[in-house]
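K.L.:
quick one: sequence plus predicted model below, questions after.
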Amino acid sequence: MKLLAKEKVLWLIPLIIVLLLWEFMAGFVIKNPLMLPRFSAVIFSIYTLREVLISDILVSLLHFGIGLVLAFSVALPLAIAMGWFKSVFKAIDPIIEILRPIPPLAWIPIAIIWFHLTHYAAGFIIFIGAFFPILIDSYTGFRDVPKVLVETGKVLGCTGDKKLIKYVAIPHALPSIATGTRVGMGVGWMCVVAAEMFGVSESGLGYRLFQKFYYLHQMDYVVAYMFILGLAALCLDRLFRHFVENKLLRWKKGIVK
Amino acid sequence: MKRRSAIIVIGIVIAVIVIGIVVYFAVKPAKMTTINIGYQPSTHQIAAMLASEKGWWEKDLAKFGIEKVKMKEFPSGPPEMHAMLAGDLDVAYVGVSPPIAAMYEGLDAKIVAGVQTQGSAIVIRPELADEYKGPLSLKGKSIATFPPGSIQHTVLSKWLLDNGIDLKKDVDIKAMGPSDAATAIGAKTVDVVFLPSPTPTIIVEEGNGVIVEWSRSMWPDHACCCLTASGKMIREHPEMLKQIIKTHIRSTEYEIKHPEEAAEIYAKWQNADVSTIKRSVKITDMHWIHDPHVEVESGLEYAKVIYELSRQRYEGKGIKVLKKEDIFDTSFYDEATGKR
């Protein structure tokens, strides 16, 4: 019982050490809030900014939601096609590999022209960030379906690609899809600041961080919003893991540990 | 056990030596052999590029032991001032607003010379240009300009307010950088942009807009760019700073006399179209200057505007509106020009 409680609070000790170190370094070593504001000052800033914080989080979540839903909807069918049909993979892979290294920031002019200064333009930048991890991990999952499973499926009556994909490939690829989505969510959330840099809205974590606080060198506010960005990402990740890993992929538990 | 103790002792000795060396070099001021000058890719700040192109920085500063002059380009004022905050810039060509905003947050620096006044323009989409009769024509329009606290945002807001336009109800002001704004007007996602040279001319040359107003008519002689020196430079190298101002004056007077050559130097540095830059320099209402006194009045006005943007924050920290002596140090300029 004691051991269980110990494990549950294991994450707390390093976190407290890091925060105390931060407070100490900022307050007694660096002593310049422009270089590194104290943790306590950052917490106070979050309290000071509470009036705009909620609307900023909601707007950023809207941008994130647009980008992620779009990325998942486009990447998954494409991943199935690329992973299952070699000819599709050979045809599309070079295009993917040309587009994949282009940083989301470089897409801003395209976003402005295609989607105008709307929430969809911000969503598009997040889509660029989230799309490729989802695609690559998912198609790897489909590509690596063991032949023995395919043959077994056929023996059990899965004739034709449609049935094989539905009853063999998708269940096998689910963990890879989940991993890709999780990585894609992380990269997509990283793009929130870039997505809100060019006048798409008058709220949003990235907008306020970059266009307001940074412009006026209000570093405690900047770090406060960075902290919020990190916390929001942590919450999104925990939620995802709770629903996907603990519910949808519960059958996986016990395979390794 | 003995071996373990020996290892610990040796470790402590090494740590003490390393810390000693670090402290020694951190405390002992190294002789300054490199100077870092910040600037932005704008025709407003050609003086910085021109003096570098002619080799004047190196030549004039060699007598102070300067062996290398590093010209560091920044896309806008905030990152430039952040570099100065971090101690990476000794002097900076920058808009008047960014250093003031940074000074409210503790930047140890002063504006020591003027660089130019005016030089921004309102550009409207070609199909809307005929409708334009003055500021009231902008009602209901979307306008892209720099973020709140910038010179452009301040000049535009003041002008619209003076002409009875409600900034929240009558217009939609969108904050963005010059490249994004130029793309936005080209894509017809905004109706109007208000930007510094040479972007207005570039937009016109691309057929995406018509210049309908220069900033002179919005706020005559408003300050735009300035030369800012770090506090360290002011305190530790006053004579060198005086020379930097002298070189800046020389460069400014040269560009005023030879605007075509100045435009060519800018085009070379920025890989821009020479004819567009020459045209921009020719048609702009910008005045290259070097006297910081010219920029004091509007600089103080910007200081008030920036204060209002974050009044609650500054009042909470006991910060008051910056005064002339907090922002400007004209003594080096006065001495360099023999005015004092």
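P.N.:
Ah, there it is.

K.L.:
contact residues of the stretch 151-300 of chain B facing chain A?
P.N.:
Applying CB under 8 Å from any CB of the partner chain, we find that the stretch 151-300 of chain B lies next to chain A at B:K174, B:A175, B:M176, B:G177, B:S179, B:D180, B:T183, B:A184, B:G186, B:A187, B:T189, B:V190. In short, each C-beta sits where N, CA and C put it, glycine included.

K.L.:
by contact count, what packs against whichever helix or strand the fifth one is part of?
P.N.:
With the criterion set as DSSP states H and E, the secondary-structure element containing B:S179 is helix B:178-186. Other helices and strands packing on helix B:178-186, by 3 or more CB pairs under 8 Å, 6 or more residues apart in numbering or on different chains; DSSP states H and E, are helix A:108-115, strand B:142-145, strand B:192-196, helix B:199-205.

K.L.:
now do the buried residues in the longest one.
P.N.:
Going back to what we said before, that points to helix A:108-115. A:I108, A:P109, A:I110, A:A111, A:I112, A:F115 (16 or more other CB atoms under 10 Å in any protein chain shown).

K.L.:
now the fifth one. Nearest residue, chain neighbours left out?
P.N.:
Nearest residue to A:I112, sequence neighbours excluded (CB to CB, 6 or more residues apart in numbering or on different chains): B:T183, at 4.9 Å.

K.L.:
same deal with the third one?
P.N.:
With CB to CB, 6+ apart as the criterion, A:I110 has its nearest non-adjacent residue at 7.9 Å, and that residue is A:F124.

K.L.:
name the secondary structure element that contains B:N36.
P.N.:
Judged by DSSP H and E, B:N36 forms part of strand B:34-39.

K.L.:
contact residues of chain A facing chain B?
P.N.:
A:32-35, A:48, A:108-109, A:112-113, A:116-117, A:197-199, A:211-212, A:214-219.

K.L.:
returning to that earlier point: would you reformat the buried residues of helix A:108-115 as a markdown table and include pLDDT and distance to A:L234?
P.N.:
Below are the buried residues of helix A:108-115 laid out as a markdown table (pLDDT from 0 to 100; distance: CB to CB, whole Å):
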| residue | pLDDT | distance to A:L234 |
| --- | --- | --- |
| A:I108 | 93 | 27 |
| A:P109 | 90 | 32 |
| A:I110 | 93 | 31 |
| A:A111 | 93 | 27 |
| A:I112 | 90 | 31 |
| A:F115 | 93 | 29 |
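
K.L.:
just the residues you listed now: which is nearest B:A129?
P.N.:
B:A129 lies nearest to A:I112 out of the buried residues of helix A:108-115, by CB to CB, at 21.5 Å.

K.L.:
surely that closest one is in contact with B:I185?
P.N.:
No: using CB atoms under 8 Å as the test, A:I112 is too far from B:I185 to be in contact (10.0 Å).

K.L.:
need the residues touching each of those two.
P.N.:
Between them, A:I112 and B:I185 share no contacting residue under CB atoms under 8 Å, 6 or more residues apart in numbering or on different chains.

K.L.:
quick one, what contacts B:Y333?
P.N.:
B:V112, B:A113, B:I245, B:H290, B:D291, B:P292, B:H293, B:K339.

K.L.:
could you turn the buried ones of those residues into a PyMOL selection?
P.N.:
To isolate the buried members of the contacts of B:Y333 in PyMOL, using 16+ other CB under 10 Å:
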select buried, chain B and resi 112+113+245+290+291+292
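
K.L.:
run through chain A and note the low-pLDDT ranges.
P.N.:
Within chain A, the stretches with pLDDT under 70 are A:1-4, A:253-257.
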